[in-house]
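J.: Generate coordinates for the sequence data below:
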Amino acid sequence: MANYCVYQDRCHKEVEQKMWDFLLIPEAKDEILLFLMKENYLNEERFTRSYIRGKFYMKSWGRNKIRNHLKFKEVPEKLINRCFDEIDDQDYHKTLSKLYHNYISKIKGLQLYQKNSKTIKYLLSKGFEYEEITQVITDTAEERE
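T.: Predicted structure coming up:
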């Protein structure tokens, strides 16, 4: 299990699911988890921070999608909120703006409001907040004028 945790950061749920495959008795599972935490192989905060960085900087996911995936992994809400400082606000806005411009430029043959509607749906599916998306649209409209 230590090798499993060394390969990449894991959350408690992932480790418990992996141990489930080994059909261990509950006492052994608890003992292994305790060892992994004590030896710092398993660190929920480190996992959360690296997960947030990876999903934002590599896959360009927004905060909502990252938050939902971490909740699915049973990471506590307080920890998620505390770790979102891993994403720089300027980087977040730049990434959102870049995704907006890339996506809207690929849409051909529609009115501007239809392009915006499709682009908003796309960005919402990437996990970005509606308010942030409308801000980028407003900024872009001001630049055109």
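J.: Quick check, central residue of the protein?
T.: residue 66 (2.5 Å; C-alpha atoms, centre = their mean).
J.: Report the contact partners of it.
T.: 51, 52, 55, 56, 127 (C-beta atoms under 8 Å, 6 or more residues apart in numbering). C-beta: built from backbone N, CA, C; applies to glycine.
J.: what helix or strand is it on?
T.: For residue 66, the host element (DSSP states H and E) is helix 63-72.
J.: Please flag which of the contacts of residue 66 sit within helices.
T.: 51, 52, 55, 56 (DSSP state H).
J.: now, which of those residues sits nearest residue 14?
T.: residue 51 (10.7 Å; C-beta to C-beta).
J.: which residue sits closest to the closest one in space, ignoring its chain neighbours?
T.: Distances taken as C-beta to C-beta, 6 or more residues apart in numbering put residue 70 closest to residue 51, at 6.5 Å, once the chain neighbours are dropped.
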